[in-house]
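**Q** The following block contains a protein sequence and its predicted model.
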Amino acid sequence: MKAMRPQIFAFLIIVFTLLSCDRAWAQAPLEPAQMPARTMFYVIWRGTPVGDARKSNNLLALWDDPDLAPLRAAALQNMQSSSAKDPSQPQLSREEIEQTSSLLENSFVLGYLRKPETKSAAAKSTDHPFNGMFFVYDRTGKELLLAKTILRFRSQEKEPPQVSTITVAGAPALKIARKTDVTYWTERGKYAVGSADFAVFEEILTRLDGKSSGSSLAQIAAYQEAEPLLHGGVLEFFLRVPQLRDFAPDMPANSPVKIDPMLNALKLEAIHSLSGHLTLEGARARVQGAMLGDVTPGTLFDLWTPGQQPPASLSFLSPDVISYSETQFNFSAFYDLLKRALRVAVPQQQQGGVEMMEGLAATRIGMPVPDALALFSGEFASIQNNPAMDPLKAVYFMGIRNKPDTLKLLRTIFSDQMGSERNEGDATFVKVSLGGGQSSTGIAQWNFYHLAVTPTFFVASSRAETLREFLAKRSPADGAAQVMLPPALQSARAQFPAALSGLAFVNLQKIDYQALKTRWIEQAKKASTASARKSAAAAPQPPPGEAEWMLNIDPQVFVRHLHFLAGASWKDSKGIHFDEWLE
């Protein structure tokens, strides 16, 4: 499924992980109005729904389906894959993993506080590097399981930590000291609270008790700006982007590169926050969010374009499309921001080196870098019409503004790796060798990739015949493409603004899961055979454990529950917005 966007996989992983249990929704242990004003980010999980809300949701129905058992087992086993590399560590049984994962049934808050600016507050911390992470968990009904889980993980440590009892905010707590870090842990009423810093631990406990009189996160302008995106749903997240500079590495005093001036040049403060929430809306699982801030020209928001209406690549879609993903970036803005950051990051006496690198790049591509970037419209798309999601049949689209200069640029970049050119209508077909050049003595060209360059775009694929079939289906640029869209995509498209910066769609009903399963198993066997050869094994090994679930799962389980995945992003006067859902 290489044609599917990484964001889609992330969406599925997050939802599958968090919804693998069964519990009523609950109030967060710590709401934003209770969090300190110096909260840098938080994630709130409010628990999993039950009853009709669970039964009507397609994703939850898929997770509960008995035919998905092989995948559920594989997911749970992979939770301990890191410890599996150490044979001295005892491995959890499947039952223990499932029992432990049920802790996600209850609500929790995970967050981070910035380091206190006052010396008195910082003095309460340990000698270890500051770590502002905190965790608050509603342990109602999970008291014994939580205690058992903590003891199990603590017993698996190679060097048992030193555990001592301390008093924090008038109540007993545990200090768990290791060589490299310290953890503080206590149970306050129905909540379990943990932190890696004493001052943070004390502050969170005070907030839970309702005794703190300091300002809260809810009073901060960045949170108030994002607040409409943070109501409702089973999960919400919030990040104050400018404070990411706290994690910038400390450069040596004699280092020629300065991080802080670079961040100032990029105007990181222009991005106020990244926030959003996950909701279950009947059959849908939906993620909505935004990166909000000052979109004035000269900021990082310049990287995204206002979008086209409609995107040019839509003219290639037909009702049989399986997967489509389109994004639009401003390449020239990216280059301008990069140069601006380098100018302030590098000392004045070394500015000539930056200019020399730019000159060498211009010589290599045969034109100034800004001119080369200006050849591209910034629209990139991937389109897959093959039900088996064969990557060899995927097509990649890139918008251009000048065909002759684009061909000139391609000839210069690929040089002797480019084969002969052939014109067919308004398209020029070329092939590029990824495995050898024409001038390489004794080395044959192989592993060709094919391109077709037209006046307004070029498309690329592993096979020339795929490109010809693809171009033959092109719709006229008069809006007729909109009529040819699959009904589900038309319905999704109608819910978004007219001009989009990105659009994605996967028709999950038209995927040939059996063919996909067969191809994945074959690839797993080839990978296993190749690995066996490298290790001089006498015979091929069976498919790796991660692929075993493919052998046992019935592909029809996906057809029964999943219909489509759709999403979009767009830019307006407030920032960049995104909206994705799985049904």
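**A** Perfect, I can see it now. Residues are numbered from 1 along each chain as shown.
**Q** Run through the bridge partners of the nearest residue to residue 492 once chain neighbours are set aside.
**A** Here the nearest residue to residue 492 in space, its sequence neighbours aside, is residue 566; by Cβ to Cβ, 6 or more residues apart in numbering that works out to 3.8 Å. From N, CA and C alone the C-beta is placed, and that goes for glycine too. Counting by DSSP bridges, residue 566 forms beta bridges with residue 505, residue 581.
**Q** Quickly note the distance from residue 566 to residue 285.
**A** Spatial separation of residue 566 from residue 285 under the definition Cβ to Cβ, to the nearest Å is 12 Å.
**Q** Give the residues shared as contacts by those two.
**A** Overlap of the contact sets of residue 566 and residue 285 (by Cβ atoms under 8 Å, 6 or more residues apart in numbering) consists of residue 581.
**Q** Can you report how many residues neighbour the residue nearest to residue 492?
**A** Residue 566 sits with 25 neighbouring residues when counted by other Cβ atoms under 10 Å.
**Q** these two touch, right, it and residue 580?
**A** Yes - between residue 566 and residue 580 there is a contact at 7.1 Å, judged by Cβ atoms under 8 Å.
**Q** what do those two both touch?
**A** Common neighbours of residue 566 and residue 580 are listed as residue 504 (criterion: Cβ under 8 Å, 6+ apart).
**Q** Tell me where the stretch 351-500 of the chain has helices.
**A** Remark: helices assigned in the stretch 351-500 of the chain by DSSP state H, counting those that start in this stretch are 351-365, 369-374, 403-414, 464-472, 480-484, 487-493.
**Q** Now for residue 426, how many residues are close by?
**A** Counted with other Cβ under 10 Å, residues neighbouring residue 426 total 12.
**Q** next one: the one 4 residues further on
**A** The tally of other residues near residue 430 (other Cβ under 10 Å) stands at 22.
**Q** which residues does it contact?
**A** Contacts here follow Cβ under 8 Å, 6+ apart; on that basis residue 430 touches 407, 410, 418, 419, 420, 421, 422, 450, 451, 453.
**Q** Drop anything exposed from those residues.
**A** In the contacts of residue 430, burial by neighbour count holds for 407, 410, 418, 419, 450, 451, 453, counting by 16 or more other Cβ atoms under 10 Å.
**Q** so which of these comes closest to residue 99?
**A** For the buried ones among the contacts of residue 430, the minimum distance to residue 99 (Cβ to Cβ) is 52.5 Å, reached by residue 450.
**Q** The closest one is in contact with residue 470, isn't it?
**A** No - counting by Cβ under 8 Å, residue 450 stays clear of residue 470, with 10.8 Å between them.
**Q** List the residues that are in contact with both of these two.
**A** Joint contacts of residue 450 and residue 470 (Cβ under 8 Å, 6+ apart) are residue 461.
**Q** Residue 207 belongs to a strand?
**A** No - note on residue 207: no strand contains this position according to DSSP: H, G, I helix; E, B strand; the rest coil, which reports helix.
**Q** what about it, how many residues close to it?
**A** By other Cβ under 10 Å, 22 other residues sit near residue 207.
**Q** Which pLDDT value does the model give it?
**A** Per-residue confidence for residue 207 comes out at a pLDDT of 91.
**Q** Quick check: closest non-adjacent residue to it.
**A** Nearest in space to residue 207, with sequence neighbours left out and distances taken as Cβ to Cβ, 6+ apart, is residue 34 at 4.9 Å.
**Q** mind listing which of the contacts of residue 430 are in strands?
**A** Secondary structure of the contacts of residue 430 is defined by DSSP state E; positions in strands are 422, 450, 451, 453.
**Q** Just give me the closest of the residues you listed to residue 429.
**A** residue 422 (4.9 Å).
**Q** Report the contact partners of the spatially closest residue to that closest one that is not a sequence neighbour.
**A** The shortest distance from residue 422 to any non-neighbouring residue, by Cβ to Cβ, 6+ apart, is to residue 429 (4.9 Å). By Cβ under 8 Å, 6+ apart, the contact list for residue 429 reads 421, 422, 423, 450, 451, 452, 464, 467.
**Q** Save these as a markdown table, and put in distance to residue 30 too.
**A** A markdown table is the format used below for those (distance: Cβ to Cβ, whole Å):
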| residue | distance to residue 30 |
| --- | --- |
| 421 | 63 |
| 422 | 65 |
| 423 | 65 |
| 450 | 55 |
| 451 | 54 |
| 452 | 56 |
| 464 | 59 |
| 467 | 55 |
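**Q** and the end-to-end length of stretch 367-379?
**A** Terminal residues of stretch 367-379 lie 21 Å apart, using Cα to Cα, to the nearest Å.
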